[in-house]
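Asker: missing the sequence, but the structure's below:
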């Protein structure tokens with residue numbers, strides 16, 4: 001999950017299908033660099049600190065990201081995040097309580113240990129129209145600290161799917177990209193990814209047999225995910241079973257799951273996650 005991710009997700013079966021990490025501990029990392037990679041994406045590369053203790057799982061691995069707002073922001077964080085610890089987290093004064101969001105591992109490199117995290121950028125920090133995480137991503141500099149808690153993966157490689165269907169809006173692009181890069185090279189299928197602008201399309205390490213369709217809104221004010229849902233629904237139904245993965249705006253995730261279930265896809269062969277919910 002990503003960029004633009006939020007601390008609480010909408011409707012999903014992620015908790016039911018999630019493969020948890022063997023060890024999840026609070027890790028403190030530092031910013032190595034930050035760069036705008038396209039009109040609506042900022043990539044922050046993290047490293048140093050505790051990153052060598054991070055255990056990459058590939059696919060759509062995600063984590064809780066704690067962004068400090070003061071010098072003592074990272075001193076009172078929970079070792080894990082459940083209902084009780086989250087309520088305690090909320091008791092921290094707003095003047096020192098970190099910003100908490102969910103993000104995906106866009107890429108991990110072991111030597112030297114580095115992790116890329118992509119943030120969706122809407123609005124501007126200058127006029128206050130950018131969210132706190134996106135603002136931080138654009139303003140952070142080398143050496144700035146953050147903390148993360150690994151939460152594992154939702155995509156189930158144990159299902160050994162021969163065919164896949166992936167559907168995502170921009171908030172789930174980093175996760176979808178990581179899934180495509182983790183798939184065995186013999187896998188076939190189709191991925192539909194919606195982005196705000198055609199220039200936001202990224203090079204993806206998908207297997208040769210997985211076709212990627214980019215859907216661009218290009219200035220349209222349509223709700224993210226609407227075009228991706230329509231495009232994915234218009235694809236011919238596969239003649240053989242497949243594993244379905246959909247994430248992004250709530251209506252996209254729920255709508256695509258409903259379409260697949262009605263087409264006869266077993267619910268156990270679907271991972272769906274609403275990262276956020278559009279207003280109105």
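Answerer: Yes, it's here. Remember, predicted model here, so these are calculated numbers, not experimental data.

Asker: Just checking, which helix or strand succeeds the helix or strand hosting residue 84 along the chain?
Answerer: Counting by DSSP states H and E, the element that carries residue 84 is helix 83-90. For helix 83-90, the following helix or strand on the C-terminal side (DSSP H and E) is strand 99-104.

Asker: Which strands border whichever helix or strand comes after that following strand, and is each parallel or antiparallel?
Answerer: Moving toward the C-terminus from strand 99-104, the next helix or strand (DSSP H and E) is strand 107-110. Partners of strand 107-110 in the sheet, by DSSP bridges, are strand 113-120 (antiparallel).

Asker: could you give the angle of the partner strand to strand 99-104?
Answerer: For strand 113-120 against strand 99-104, the angle by axes from the mean of the first three to the mean of the last three Cα atoms, to 10 degrees is 110 degrees.

Asker: what's next to strand 113-120, contact-wise?
Answerer: 2-4, 29, 32, 37, 40-47, 51-52, 54, 65, 103-109, 133-134, 137, 170-171, 173-174 (Cβ atoms under 8 Å, 6 or more residues apart in numbering). Any C-beta I mention is one placed from the backbone N, CA and C, and that applies to glycine too.

Asker: which element follows that strand toward the C-terminus?
Answerer: Trace forward from strand 113-120 with DSSP H and E and the next one is helix 132-139.

Asker: pLDDT score for residue 266?
Answerer: pLDDT, residue 266: 92.

Asker: and if you look at residue 76?
Answerer: 87.

Asker: for residue 8, same thing?
Answerer: Residue 8 is given a pLDDT of 46.

Asker: Likewise for residue 239?
Answerer: At residue 239, pLDDT is 83.

Asker: where along the chain do the strands fall?
Answerer: With DSSP state E, the ranges of strands along the chain come out as 27-38, 41-47, 62-67, 99-104, 107-110, 113-120, 145-152, 163-168, 188-195, 209-216, 243-249, 270-276.

Asker: now the ones you listed as a markdown table including distance to residue 80 and mean neighbour count?
Answerer: Shown next, in a markdown table, are the strands of the chain (distance: least, Cβ to Cβ, whole Å; neighbours: other Cβ atoms under 10 Å):
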| stretch | distance to residue 80 | mean neighbour count |
| --- | --- | --- |
| strand 27-38 | 12 | 16 |
| strand 41-47 | 20 | 22 |
| strand 62-67 | 9 | 24 |
| strand 99-104 | 13 | 23 |
| strand 107-110 | 21 | 14 |
| strand 113-120 | 20 | 23 |
| strand 145-152 | 7 | 21 |
| strand 163-168 | 28 | 27 |
| strand 188-195 | 32 | 24 |
| strand 209-216 | 35 | 17 |
| strand 243-249 | 23 | 28 |
| strand 270-276 | 20 | 25 |
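
Asker: Much appreciated, bye for now.
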